[in-house]
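[1] my questions are about this predicted structure, shown below with the sequence.
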Amino acid sequence: MSQMTDMRKTEEEWLRTERLPHVWCPGCGIGIVLNAFLRAVIRRNIPKEKMVVVSGIGCTGRTAGYVNVDSFHTTHGRAIPFAVGVKFARPDLNVVVFSGDGDLFAIGGNHFVNAARRNHDLLIIAVNNFTYGMTGGQHGPTTPTGAYTTTTPYGNPDRPFNIPHLAISLGAPYVARWTTYHVNQLQNSIYKALNMKGFRVIEIISQCPTVYGRRNSMRSPMSMMEYFQKNSVINNKASYEEMELTYKGKIVVGEFRNVGGIPSYEERYEEIIRRAQE
Amino acid sequence: MSQNKKFKRKATVKVLEERCKGCWYCVNYCPTKVLQVSEKMNSKGYHPPVFKENIDENVVCIGCHLCELYCPDFAIVVEELE
Amino acid sequence: MTEKHLKEGYYFWSGDVAAAEGAIAAGCRFYAGYPITPSSEVAETMALRLPQVGGKFIEMEDEIGSIAAIIGASWTGERSMTATSGPGISLMNENIGLAVMTEVPLVIVNAMRGAPSTGLPTLIGQGDLMQAKYGSHGSYEIITLYPNNIQEAFDLMFDAFNLAERYRVPVMYLLDGLLAHMYEKVYVPPREEWEKKIIRRKRAREGQLPYQPDEDMVPPMPLIGEGYNIHATGLTHDERGYPDLTPQAQEELVRRLNEKILKHERDIWKVEEYLTEDADIIVVSFGGESRAVKAGVNLARKEGIKAGMLRLITIWPFPWEYITKYSADYIVAELNYGQMYHLVREYSDNDVYQLNKMGGEIHTPEDVLKRIREVSS
Ligand SMILES: Cc1ncc(C[n+]2csc(CCOP(=O)(O)OP(=O)(O)O)c2C)c(N)n1
Ligand code: SF4
Ligand code: SF4
Ligand code: SF4
Ligand SMILES: [Mg+2]
């Protein structure tokens, strides 16, 4: 059997298949991200008992319920500090936070900022669908200015986060952005990040045709994908301004930061224990 | 008829019909257009894709796995031919 | 590197330090917190002492993060704790609900200060008793303990961790502005002796589902990293831990979460009965306030009034049998507008009186005596 066919078989073991079909809508991008994630993990040969997935609340937050490893569906915004507890207590585990834009950057923003600053050894898979999908499509911290949502009926007056810029400014050693159109690049990016240490952030621009697309003239799953395909530009050296996302504008994707050698919080604490026991 | 003749059959596609939600990414992204929207409906009311190789010998699956990578529902299994 | 454990002997500690040392002795190896008066010395002691015994201390960005982190750590098997005061508990409440729903053992110290809001940061209050049990949304039971001296602040930590582990439930460990900062002598027994008191988490039987309860209604807790493929969610769930959003699943789960505590309440209860046997009037109190109450009861006895004190060490589940068993009248002395008063009234067939102060200081023994005189005349 070929490697790819093998991979697909193994992927089934990493899924709680008894719970499929999952809750996500037809064409929702979250499943594509999960698919890429599982493949990267399988390629890395990470034993299942060494992998922990933590999610917050939201459509993306449901991910924890489908991965057949130790997996936690926590409270809204609190996936990162929960993951901090797991990782700090058991530094030998691979701890991944898989959650939505609202969860990670609005209600959970303070945790994101501080966990990045402390450089906890966590991989953050941030699914940005420009909206609060689960609650019916309100605007959130990543909704582009001008976009229509249930709480911005006249267009969004608010300004979105520039997530890669934010993460880089906090010293995150690995920062990338892809869209769900970039299935291979995304998988490779996760594959790479899994082998690194520290606070690694991968933002994935993902389609929510049901509650975001339909209010912004991208009603069908394919029309959102076409938007990603047509408007994406790969530029690893993008400036912060270029990383900014605008309504129906260009989506600059790529691997924006990849540096090694920054000690993680967990590594620094080993030194604390050594000093305390001197 | 078939420019596809220049490709070699590399794989066969199994659709886990009950998981499919009919988004058509697989149909759209298949480079050789070997997947097609079927008439059939699953129990949730979605039309899963059908693998045309079974019904049309002029189309071939080149085993690129794109359909599998784009399927958000884990509904596709591409099995390579030995 | 060698671990540095407490040696047998006498120590002069504040309540905060004693609670922290008690926690470490009781096996706590993970602490996450955010400083707040009058609990900050718990954090400071943990920062100093935990790495000495191979444990982990982290100062988080807020109390919400702190409790989330100890829930995560508890899933790895570490005995985990945080400490705060009322404002911090208010922030933690959503995740206290998560710990209740997903059945995670935790110890949460609340050094109560004058409240509401920022209130009296450095001074005693007892206004968080209802919050301790009813702070998070939904109908649930947790365990709440409350010492009244510094030796007990140390000793009771063993109960706190053992009960948390035994029932897979958060334990609220109350201190107050008085106990937190008050110094007393504490005897620490030899390590071999205290380690015998530690009750370890029970392990699952082969094939037992993560939320499949034993006879005692408590499911053994699987740990992260052991290949269980645990799934835990705050959603209503079945025995596998999978969401089951039906009235039937809700009924079964929420009933069990309550009953696993209530069916064992007699094993959990701890009280001090002081001169209650023949008492006509019993003053119910707890924590720092009970120190004055005992002195007041002694004054009343000198005057020939048959007064006694019932000190609640377990606040929740409420030790109601200690109210129904006496036919005395009650005074409930507490530093709030009246909280446990309502519980005592619920269970007493006789008169129940109040003695309240809104916080900032405890009553004087004379205040207590005066109230005893008033109600017994
Ligand atoms: C404390 C709290 N506030 C609000 C909610 C309601 N809520 C649930 S999910 C959600 C937004 C989720 O958005 P996002 O994280 O972007 O996830 P998505 O659904 O878009 O994947 C909100 C506001 C909640 N569950 N908890
Ligand atoms: S509402 Fe949007 S984000 Fe949520 S499952 Fe549906 S498509 Fe996905
Ligand atoms: S593997 Fe490639 S060629 Fe074959 S059906 Fe899928 S997308 Fe088409
Ligand atoms: S991509 Fe998957 S879910 Fe979408 S139509 Fe094809 S098989 Fe069905
Ligand atoms: Mg979202």
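    That came through, no problem. Ligands and ions are numbered 1, 2, ... in the order given.

[2] the longest helix seen in chain A near chain B anywhere?
    In chain A, taking DSSP state H as the definition, the longest helix is helix A:30-43. Yes - applying CB under 8 Å from any CB of the partner chain, one finds helix A:30-43 touching chain B at A:30-32, A:35-36, A:39. C-betas here are computed from N, CA, C, even on glycine.

[3] with adjacent residues omitted, what lies nearest to the residue most central in space within chain B?
    In chain B, the centroid-proximal residue (CA atoms, centre = their mean) is residue B:35; its distance is 3.6 Å. Closest residue to residue B:35 apart from its sequence neighbours, by CB to CB, 6 or more residues apart in numbering or on different chains: residue B:49 at 4.4 Å.

[4] partner residues bridging the one you found?
    residue B:37 (DSSP bridges).

[5] which stretches in chain B count as helices?
    B:25-29, B:66-70.

[6] kindly apply the preceding question to the stretch 151-278 of chain A instead.
    A:163-169, A:183-194, A:221-231, A:240-243, A:265-276 (DSSP state H, counting those that start in this stretch).

[7] now the shortest one: buried residues?
    This means helix A:240-243. Using 16 or more other CB atoms under 10 Å in any protein chain shown as the test for burial, helix A:240-243 gives residue A:243.

[8] any idea how far that helix is from the middle of the chain?
    Taking CA atoms, centre = their mean, to the nearest Å, one finds helix A:240-243 lying 19 Å from the centre of the chain it belongs to.

[9] give the contact list for the closest residue to ligand 3 within the stretch 101-250 of chain A.
    Closest to ligand 3 within the stretch 101-250 of chain A is residue A:183: 11.4 Å, counting by CB to the nearest ligand atom. By CB atoms under 8 Å, 6 or more residues apart in numbering or on different chains, the contact list for residue A:183 reads A:32, A:35-36, B:66, B:69-70.

[10] the helices of the stretch 151-278 of chain A: which one's closest to residue A:209?
    With respect to residue A:209, and counting by CB to CB, the nearest of the helices of the stretch 151-278 of chain A is helix A:221-231 at 4.8 Å.

[11] first-to-last residue distance for stretch A:10-23?
    22 Å (CA to CA, to the nearest Å).

[12] about what we covered before: can I get the helices of chain B in TSV with mean pLDDT, mean neighbour count and distance to residue C:310?
    What follows is those, written out as TSV (pLDDT from 0 to 100; neighbours: other CB atoms under 10 Å in any protein chain shown; distance: least, CB to CB, whole Å):
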stretch	mean pLDDT	mean neighbour count	distance to residue C:310
helix B:25-29	97	21	69
helix B:66-70	98	22	68
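
[13] could you dump those helices to TSV with distance to residue C:113?
    What follows is the helices of chain B, written out as TSV (distance: least, CB to CB, whole Å):
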stretch	distance to residue C:113
helix B:25-29	57
helix B:66-70	57
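
[14] nearest to ligand 4, of those?
    Using CB to the nearest ligand atom, the nearest of the helices of chain B to ligand 4 is helix B:25-29, at 3.4 Å.

[15] what's that closest one packed up against?
    helix A:221-231, strand B:35-37, helix B:66-70 (3 or more CB pairs under 8 Å, 6 or more residues apart in numbering or on different chains; DSSP states H and E).

[16] could you tell me the least trusted of those?
    Out of these, strand B:35-37 stands lowest, with a mean of 94 (criterion: mean pLDDT).

[17] that one and ligand 4, any residue contact?
    No - residues of strand B:35-37 are not located near ligand 4 by CB under 6 Å from any ligand atom, the shortest gap being 7.1 Å.

[18] look up the closest residue to residue C:313, ignoring the ones flanking it.
    Take residue C:313 and drop its neighbours on the chain: the residue closest to it by CB to CB, 6+ apart is residue C:270, 4.0 Å away.

[19] so that neighbour touches residue C:315, yeah?
    No - using CB atoms under 8 Å, residue C:270 is not in contact with residue C:315, being 10.1 Å away.

[20] got any residues that touch both of these two?
    The contact sets of residue C:270 and residue C:315 overlap at residue C:145 (CB under 8 Å, 6+ apart).

[21] looking only at neighbour counts, state which of these two leads.
    Taking other CB atoms under 10 Å in any protein chain shown, residue C:270 and residue C:315 do not tie; residue C:315 has more neighbours (23 against 17).

[22] just want the residue of chain B that's nearest chain A.
    Chain B approaches chain A most closely through residue B:72 (2.9 Å), counting by CB to the nearest CB.

[23] that residue: how many residues sit nearby?
    Neighbours of residue B:72 under the rule other CB under 10 Å: 26.

[24] from residue C:186, how far out is it?
    Noted for residue B:72: a distance of 60 Å to residue C:186, by CB to CB, to the nearest Å.

[25] again, but for residue A:207
    Distance from residue A:207 to residue C:186, by CB to CB: 61 Å.

[26] and stretch C:275-283, what's buried?
    Going by neighbour count (16+ other CB under 10 Å), the buried part of stretch C:275-283 is C:275-276, C:279-283.

[27] in strands, which of those fall?
    Of the positions in these, C:281-283 sit in strands, assigned by DSSP state E.

[28] residue A:187 and residue A:173: what is the separation?
    Separation of residue A:187 from residue A:173 (CB to CB) stands at 20 Å.

[29] contact partners for residue 35?
    Picked chain A for this. Residue A:35 makes contact with A:11, A:183, B:68-69, B:71-72, B:74 under the criterion CB under 8 Å, 6+ apart.

[30] wrong chain, I was asking about chain C
    When the contact criterion is CB under 8 Å, 6+ apart, the partners of residue C:35 are C:43, C:59.

[31] is it in a helix, a strand, or coil?
    coil (DSSP: H, G, I helix; E, B strand; the rest coil).

[32] can you count the residues close to residue C:302?
    Burial measure for residue C:302: 9 neighbouring residues, criterion other CB under 10 Å.

[33] from chain A, how far off is it?
    Distance, residue C:302 to chain A, using CB to the nearest CB, to the nearest Å: 52 Å.

[34] now whichever residue of chain C sits closest to ligand 2. Nearest residue, chain neighbours left out?
    Going by CB to the nearest ligand atom, ligand 2 is nearest to residue C:243 of chain C, at 14.8 Å. In space, and not counting its chain neighbours, residue C:243 is closest to residue C:235: 4.2 Å by CB to CB, 6+ apart.
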